[in-house]
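J.: Could you work out the structure for the sequence below:
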Amino acid sequence: MPPPPPLPAPAPRFDPGAIAEAPGRYPVVRVFYATNRGATGAALPSAPFDARRGRMSYGSTDVSIPLDHKVGEVERPSFLSLKWLEDAESHVTVRSLRSETPDSFIANIRRRVEKGKDHDAFIFVHGYNVDFLEAVRRTAQMAFDLDFRGVPILFSWPSGGRIEDYLRDETNVEWAQRDLQELLETLRRTSGTQVIDLIAHSMGSRALTRALIAARTGKPGEAVFRNLILAAPDIDADVFRRDILPRLREAGTRVTLYASNQDAALAASKKVHGYRRAGDAEGGPLVEPGMDTIDASGGDASLLGHSYFADVRSVLSDLRALLVANLGPDLRPTLKAAFLRGLKYWRVPL
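T.: The predicted structure is shown next:
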C-alpha cells in the first residue's frame with residue numbers, strides 16, 4: 001500500500017477564513033451560530049440565549065484564544081487555576097456577538113467561504129448539559145485546534161446546561177430536529193460551500209442523524225454533506241444499527257463513530273434507558289458495515305470521559321486528518337486496525 005498523502009500544512013493562525021486577526025494581541029475565531037433557544041435580550045458577558053424554546057436566531061460571534069492555549073482545552077476561570085475572573089490572556093473568551101437576519105447570515109457565510117482556501121464548512125451540534133456560550137467556546141476551540149480553514153457553524157438547541165435536566169434535554173433535542181433539518185437544507189443550497197462536514201456530540205447525535213435523513217436530496221451544484229462524525233453518540237445502539245445507519249448509508253455521507261469504554265456519561269445513560277448506547281465501547285465498540293468505527297478508549301482522563309473528541313490531542317489529530325485532508329481510516333497514519341466479529345475497526349493510540 002502506498003504511503004498516505006501528507007496532511008496540508010496547518011493554516012496560519014490568522015487565516016482569513018475561520019481565524020481573523022484580533023484588534024489586540026490574541027487570535028480570534030469567528031463562529032457563525034444558528035439557535036432555537038429563547039433569546040434573553042442580555043448582552044455579553046451574560047448569556048444572550050437560555051434553555052427555553054424559541055424561534056430560530058442567527059448571528060456570528062468572535063472568540064479569542066489565549067496565546068498559551070493548550071490543544072484540547074477550553075481554558076476557563078477556575079478555583080484550581082487561582083483565576084476567578086475571565087480574561088483573554090488566560091481564557092477562551094467570547095468577545096462579541098452580532099445578531100443577523102437569515103439573509104445576512106447566509107450572505108456573511110458566503111463572503112467568508114469566498115475568502116477561505118478550501119470553500120468548506122463544518123456544522124457542530126453539541127450534546128446534553130451545554131449552555132449557549134459553552135457551545136460557542138467549544139466550537140471555536142475545535143476550529144482553532146484543527147487548523148480548520150473553512151467556516152465553523154454552530155447549531156445550538158435548548159439544552160438546560162444542568163446535569164439534572166437530562167430528561168428535559170431529551171425532549172428538547174427531539175423538538176429541535178425540524179429546525180436543524182431546515183438549516184441543513186438552507187446551507188446546502190445557499191452557503192456557497194463545496195462540502196459541509198457534520199459533527200455531533202452525545203445527545204446532539206439524535207437530532208443530527210434524523211435531520212440528515214429527513215433533509216431533501218441535494219441537486220448538482222449544491223454543497224455535499226461529506227462526513228458525518230458522531231462523537232460519543234447517546235443513541236440506543238440497537239435503534240442506531242437497525243433504523244438509523246441504513247438510512248444514513250442511503251444519504252451517501254461517510255459515517256464515522258467515535259466510541260470509548262470509559263465513558264461514564266454513556267454508562268449512566270444506559271442505566272436510565274436500560275439499553276446500551278451507540279458510543280459506549282464497553283465489551284467492544286459498535287462495528288457495522290458501511291461505517292467507520294474509531295475506538296478512543298483510554299484517552300480521556302476527565303471525570304466523565306465523555307468529551308475526548310475535542311479534549312484529547314490524538315483524537316483531535318485523527319479528526320484533522322479526516323476533516324482537513326479527507327482521509328479514510330486506512331490512510332490515517334495514527335490509527336491501528338482491529339477486528340470484531342470479522343469486521344474491521346480502528347483504535348487511536350493514546
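J.: Which residue is the nearest non-sequential neighbour of H126?
T.: Here the nearest residue to H126 in space, its sequence neighbours aside, is A135; by Cβ to Cβ, 6 or more residues apart in numbering that works out to 4.3 Å. C-betas here are computed from N, CA, C, even on glycine.
J.: How about V63?
T.: What sits nearest to V63 in space, not counting adjacent residues and going by Cβ to Cβ, 6+ apart, is A140, at 3.6 Å.
J.: three-state assignment of the one you found?
T.: helix (DSSP: H, G, I helix; E, B strand; the rest coil).
J.: measure it to V224 for me?
T.: With distances taken as Cβ to Cβ, to the nearest Å, A140 is found 25 Å from V224.
J.: Look at the two and report which has more neighbours.
T.: Each of A140 and V224 had its neighbours counted (other Cβ atoms under 10 Å), and the higher figure belongs to A140 (28 against 15).
J.: What does the pLDDT read for that one?
T.: pLDDT, A140: 97.
J.: cool, and the one 4 residues further on?
T.: We note a pLDDT of 96 for F144 in this prediction.
J.: and what of L350?
T.: You'll see L350 listed with a pLDDT of 73.
J.: Next, count neighbours for it.
T.: Once other Cβ under 10 Å is used to define contacts, L350 is seen to have 15 neighbours.
J.: show me what contacts it?
T.: If a contact means Cβ atoms under 8 Å, 6 or more residues apart in numbering, then L350 has 296, 298-299, 312, 314 as its contacts.
J.: Look up how far R112 lies from L228.
T.: Computed as Cβ to Cβ, the L228 to R112 distance reads 23 Å.
J.: okay, these two: which has more neighbours?
T.: R112 (24 against 21).
J.: how about stretch 188-206: buried residues?
T.: 188, 190-206 (16 or more other Cβ atoms under 10 Å).
J.: Could you export it as PDB, keeping only the C-alpha atoms?
T.: Backbone C-alpha positions of stretch 188-206 (Å, rounded to 0.1, in the frame of the first residue of the first chain) are rendered in PDB as follows:
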ATOM      1  CA  ARG A 188     -26.500  23.200   1.300                       C
ATOM      2  CA  ARG A 189     -28.400  25.300  -1.200                       C
ATOM      3  CA  THR A 190     -27.200  28.800  -0.500                       C
ATOM      4  CA  SER A 191     -24.000  28.900   1.600                       C
ATOM      5  CA  GLY A 192     -21.600  28.800  -1.400                       C
ATOM      6  CA  THR A 193     -19.600  25.900   0.200                       C
ATOM      7  CA  GLN A 194     -18.400  22.900  -1.800                       C
ATOM      8  CA  VAL A 195     -18.600  20.500   1.100                       C
ATOM      9  CA  ILE A 196     -20.100  20.600   4.600                       C
ATOM     10  CA  ASP A 197     -18.900  18.300   7.300                       C
ATOM     11  CA  LEU A 198     -21.300  17.400  10.200                       C
ATOM     12  CA  ILE A 199     -20.200  16.800  13.800                       C
ATOM     13  CA  ALA A 200     -22.400  15.900  16.600                       C
ATOM     14  CA  HIS A 201     -21.600  15.100  20.200                       C
ATOM     15  CA  SER A 202     -23.500  12.900  22.600                       C
ATOM     16  CA  MET A 203     -27.300  13.700  22.600                       C
ATOM     17  CA  GLY A 204     -26.900  16.100  19.700                       C
ATOM     18  CA  SER A 205     -26.300  13.000  17.500                       C
ATOM     19  CA  ARG A 206     -30.000  12.200  17.800                       C
END
